[in-house]
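Peer 1: coords below, sequence missing:
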């Protein structure tokens, strides 16, 4: 597995070894020993999958402690622009974001540790997005930073985004008080 450092402590892009031939392809999307070797010591307790049409933006979501989640994300079908926003107070990259293109074709994985708000924009219809989580969903711990906050200035690279009412009401960056410390 190729590891791509992002410049954000703990946030990693991962490119698996893919074996392809005339029948199709095979790759390991997760192997505990391999992930441990690259420094991701995660105990996954919940898998999630979503289907979205083109131009859907989901995020920027997080769960506060004690239900904070690390996420290993990937695209099974279609493509997304994936965003991770550092919300760890005291981090040298606090308030900055990293984006990566995840597609069914490039088979990249993205490790988003606890302390990041996470979201994505779908670039194709029928995009299937999968993520392994290190903790279970807990509604009382759920939080969201406003996806289009002008202070963050995130270019989601979609025109006419489709946004849920919940995401339209995320917390503005100037009002955000993070539960995470670096």
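Peer 2: Everything's here; your move. In this text, all values refer to a predicted model and were calculated from it rather than measured experimentally.
Peer 1: now the residue nearest the centre of the chain: closest residue in space, sequence neighbours ignored.
Peer 2: Nearest residue to the geometric centre of the chain (CA atoms, centre = their mean): residue 118, 4.6 Å. Nearest residue to residue 118, sequence neighbours excluded (CB to CB, 6 or more residues apart in numbering): residue 112, at 5.1 Å. Quick note: C-beta positions are derived from backbone N, CA and C, even for glycine.
Peer 1: the residue lying closest to residue 123 once chain neighbours are set aside and residue 119: what is the separation?
Peer 2: Once flanking residues are discounted, residue 123 sits nearest to residue 79: 4.4 Å by CB to CB, 6+ apart. To residue 119, residue 79 is 15 Å away according to CB to CB, to the nearest Å.
Peer 1: which of these two has more residues huddled nearby?
Peer 2: The residue with more neighbours, out of residue 79 and residue 119, is residue 119; 25 against 20, by other CB atoms under 10 Å.
Peer 1: contacts for the strand or helix carrying residue 76 next, please.
Peer 2: For residue 76, the enclosing helix or strand under DSSP states H and E is strand 71-77. Residues outside strand 71-77 that contact it (CB atoms under 8 Å, 6 or more residues apart in numbering) are 29-30, 40, 42, 44, 49, 82, 102-104, 107-112, 118, 120, 126-134.
Peer 1: which helix or strand lies directly C-terminal to that strand?
Peer 2: Past strand 71-77, further along toward the C-terminus, the next helix or strand under DSSP H and E is strand 79-86.
Peer 1: partner strands of the next helix or strand after that next one, with direction?
Peer 2: Heading C-terminal from strand 79-86, the first helix or strand you meet, by DSSP H and E, is strand 88-89. Applying DSSP bridges to the sheet, strand 88-89 is found paired with strand 180-181 (parallel).
Peer 1: is residue 124 located within a strand, as I assumed?
Peer 2: No. Counting by DSSP: H, G, I helix; E, B strand; the rest coil, residue 124 is not found in a strand; it is coil.
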